[in-house]
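1. Fold the following and give me the result.
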Amino acid sequence: MTEPTTTPTTAQYYTSTLLRLPERTVALVLAGGRGTRLRATDDPELKSTPKVLVPIDIDTTSGPAPMLGHALTQLTTVGVRRIAVLTSSDPATGAQQVEDYALTHCARQVELTLHREHHPLGTAGAAYAALAHLPDTPLAVVLPADTLIPYTLLPAVVAAHLARPAAITWTVTTDPGPEAQNTGRLFLSPDGEQVVHALEGVDATLPAGTRHNLRQATSTGAVILTPDPFRALFEQYAQRQACPGEADLYRQFMPWAISQGHAVGAYDLRAPAPDLGTPDRLAAFGRTAAA
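-> Coordinates of the predicted model:
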């Protein structure tokens, strides 16, 4: 007996995905790094400038601009209208200079908030703390200011995140380029939809037998969060610790979530997203040399 075929209706067949950021989406820009590796050079500019204010020159039309300025400009270009800059009280980070720059650069273009941690919280802890001040946020995009993320792809990443049940989507790349760090330290499910193992910053490898059909990828640093479930999950994480402390989003919190069976989605950007955290990588991607 032949099974009857079902012909989709016009509405079912002619569909598309709307690529846009939901209203009140906030970008959490991580700008509290100490820049230890950059300060360890003999370059006077790198020694004296807060990490995210070091100038880079990757846009020949507008000339050199601080890393943070590049990130803020790119975010507004793709439609982000709420930005939270996350800074640190550590004197080595130059928080006041960073905050002053952010206010001067984009306060008139976006709804800008500044969030300075009282003591080191780590990237996951800083995101958790900032979201406590942003209760009407439907979606948060966490972005390191010192990484050249392909920002134009963010609306597509957000659309994929909203189509899944996971509270977290980790953007990755299977084309990291020659200057990437921690290359291939993430392992994706065979369909590429989830991160199933995370070895970011860990000196370990998966046994060969456990890698069957898994796809290797590299973190790009951008993470999409649905705030309420993320905060609830972070509270579970924190309560399991012997005492409160720094919680790194990439090396601690998300690997813990995966180990506990919580879904962490993956989105492959298929493009490099260079981290500018060392002098060599900074030079490779257009850093303006000190005079």
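2. Give me the longest strand you can find in this structure.
-> For the chain, the strand reaching the highest residue count under DSSP state E is reported as strand 215-225.
3. Poorly predicted segments of the stretch 151-291 of the chain, please.
-> Applying pLDDT under 70 to the stretch 151-291 of the chain picks out residues 286, 288-291.
4. All the strands of it, in order from the start?
-> Along the stretch 151-291 of the chain, counting by DSSP state E, counting those that start in this stretch, strands occupy 168-173, 186-188, 195-198, 215-225, 264-268.
5. deepest of those strands, which one?
-> Ranked by mean neighbour count, those are led by strand 168-173 with a mean of 26 (mean count of other CB atoms under 10 Å). No exception for glycine: its C-beta is placed from N, CA and C like everyone else's.
6. re earlier: give me the helices and strands touching the longest strand of the chain, please.
-> Where contact means 3 or more CB pairs under 8 Å, 6 or more residues apart in numbering; DSSP states H and E, strand 215-225 is packed against strand 140-144, helix 154-162, strand 168-173, strand 186-188, strand 264-268.
7. if I pick the closest residue in space to Ala129 that isn't next to it in sequence, what's in contact with it?
-> The spatially closest residue to Ala129, leaving aside those adjacent along the chain, is Leu121, at 6.0 Å (CB to CB, 6 or more residues apart in numbering). Each residue near Leu121 by CB atoms under 8 Å, 6 or more residues apart in numbering is listed here: 128-129, 246-247.
8. If any of those are buried, give me the PyMOL selection for them.
-> Buried subset of the contacts of Leu121, written as a PyMOL selection, criterion 16 or more other CB atoms under 10 Å:
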select buried, resi 128+129+247
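9. quick one, which of the helices and strands packed on strand 215-225 is nearest to Arg24?
-> Between Arg24 and the helices and strands packed on strand 215-225, the shortest separation by CB to CB is 10.1 Å, and it involves strand 140-144.
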